[in-house]
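Participant: this one's sequence-less:
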């Protein structure tokens, strides 16, 4: 299985809502990533988990809260978002080995709209 | 710190023509380089990667790229464009250190004209 799955595919939420994005992989990868992508732009790294521990937080606002319950699952909890947070949220996974040959496998993304 | 520059945010080619998408990198250490493709409303799919094993790298869907250290380039080519190649293409670099992060270029939108 070389697939990263993400749910939901689309999400519309108000600024006072609480919602969660889910990502799952079964490739035995020990690194998982959240990216935010605006239209016509490259993905921007938000968080990196390695061995279920948060290793990188790219100064993301606290209204985004990541969670890695186990090596196959990655969640992104959303609360009190702003309209400018509307974007495609991509999850990726990779091996966590020394060196840079850590090919990242991307999920299809969740299209988030904040009203 | 490493970076990549993609020359040309939009490239248009006729169906059957050569595709050439340009990527130049900057890295203080030998880099790992990647090309990803993104179709509308989808995630990124790896086309090919350079990991120092061979300078000419063949990928999926007939794409290939050549690593040229002297030119710090990793251009993506395909001999004959197909309508299905229309998409956004991202070049990315990863260093060999502990960062394990990808640094993406700004992307090139490829349009294939009938």
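Facilitator: Ah, there it is. Note that the structure is a prediction, hence the values are computed from the model and not measured.
Participant: Low-confidence ranges, the chain, go.
Facilitator: If you meant another chain, say so; for now it's chain A. For chain A, applying pLDDT under 70 flags the ranges A:1-2, A:98-101.
Participant: Chain B was what I was after
Facilitator: Scanning chain B for pLDDT under 70 picks out B:95-100.
Participant: for it, what spans make up the strands?
Facilitator: Under the criterion DSSP state E, chain B contains strands at B:3-5, B:10-14, B:19-21, B:24-26, B:32-38, B:44-50, B:56-58, B:64-68, B:73-78, B:87-94, B:103-104, B:108-113.
Participant: Chain A too?
Facilitator: Secondary structure of chain A (DSSP E): strands at A:4-7, A:10-13, A:18-25, A:31-37, A:44-50, A:53-57, A:64-70, A:73-79, A:87-94, A:105-106, A:110-114.
Participant: what's the last one in contact with?
Facilitator: Looking back up the chat, that one is strand A:110-114. The contact list for strand A:110-114 (C-beta atoms under 8 Å, 6 or more residues apart in numbering or on different chains) reads A:6-15, A:21, A:78, A:81-89, B:41. The way it works is simple: take the backbone N, C-alpha and C, and place the C-beta from them, glycine included.
Participant: and it, which strands flank it?
Facilitator: strand A:10-13 (parallel), strand A:87-94 (antiparallel) (DSSP bridges).
Participant: Point out the most buried one among those.
Facilitator: Across the strands paired with strand A:110-114, averaging neighbours per residue (mean count of other C-beta atoms under 10 Å in any protein chain shown) puts strand A:87-94 on top, at a mean of 24.
Participant: Look up which residues are beta-bridged to residue 45.
Facilitator: Looking at chain A here, since you left the chain open. On the basis of DSSP bridges, residue A:45 is bridged to residue A:35.
Participant: hmm, I had chain B in mind actually
Facilitator: residue B:37.
Participant: wait, doesn't it sit right on residue B:36?
Facilitator: Yes - counting by C-beta atoms under 8 Å, residue B:45 touches residue B:36, with 6.4 Å between them.
Participant: so what sits against both of those two?
Facilitator: Common neighbours of residue B:45 and residue B:36 (C-beta under 8 Å, 6+ apart) are residue A:106.
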